[in-house]
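1. Okay, sequence plus prediction incoming.
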Amino acid sequence: MMISMVLLNVISILNIFDSVKKKSKKIGLVWTVIGSCNVLLNLYLIPEFGMVGAVYSSIISYTLGLFLNRFLYVKY
């Protein structure tokens, strides 16, 4: 769980820089993808693995969000 919290804080810090640069559409897109990914993975992983599945779901979602955030930052 600690890993997902670190990733969440990194994404939040990067979003502060993006909001200063007036890239709010990108921030919304990243959080929409993170949330959707997390819900879908939770639906699959929690019945199989319980609380551990929820932790893995968060880690995967936030990692995807971090890479998407950086990809969009470099692209735009």
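-> On my side now, so go ahead. None of these values were measured; they are calculated from a predicted model.
2. Enumerate the positions of stretch 59-76 that are buried.
-> By neighbour count on 16 or more other CB atoms under 10 Å, the buried set for stretch 59-76 is 59-66, 68-69, 72. Placement of C-beta: from N, CA and C, glycine included.
3. how about it as CSV, C-alpha atoms only?
-> Provided in CSV are the C-alpha atoms of stretch 59-76 (Å, rounded to 0.1, in the frame of the first residue of the first chain):
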residue,chain,number,x,y,z
ILE,A,59,-0.4,0.2,-7.6
ILE,A,60,-1.1,-0.7,-11.2
SER,A,61,-3.6,2.2,-11.7
TYR,A,62,-1.2,4.8,-10.2
THR,A,63,1.7,3.5,-12.2
LEU,A,64,-0.3,3.7,-15.4
GLY,A,65,-1.4,7.2,-14.4
LEU,A,66,2.2,8.2,-13.8
PHE,A,67,3.4,7.0,-17.2
LEU,A,68,0.3,8.5,-18.9
ASN,A,69,1.0,11.8,-17.1
ARG,A,70,4.6,11.9,-18.3
PHE,A,71,3.7,10.8,-21.9
LEU,A,72,1.1,13.6,-22.2
TYR,A,73,3.6,16.1,-20.6
VAL,A,74,6.3,15.3,-23.2
LYS,A,75,3.7,15.1,-26.1
TYR,A,76,2.0,18.4,-25.3
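4. For the protein, give me the ranges with low pLDDT.
-> The chain contains residues with pLDDT under 70 at 1, 4, 13-24, 74-76.
5. can you give me the helices in it?
-> When assigned using DSSP state H, the helices of the chain occupy the ranges 2-20, 24-49, 51-75.
6. Of those helices, which stretch is the most buried?
-> Comparing the helices of the chain by mean neighbour count (mean count of other CB atoms under 10 Å), helix 51-75 comes out on top with a mean of 16.
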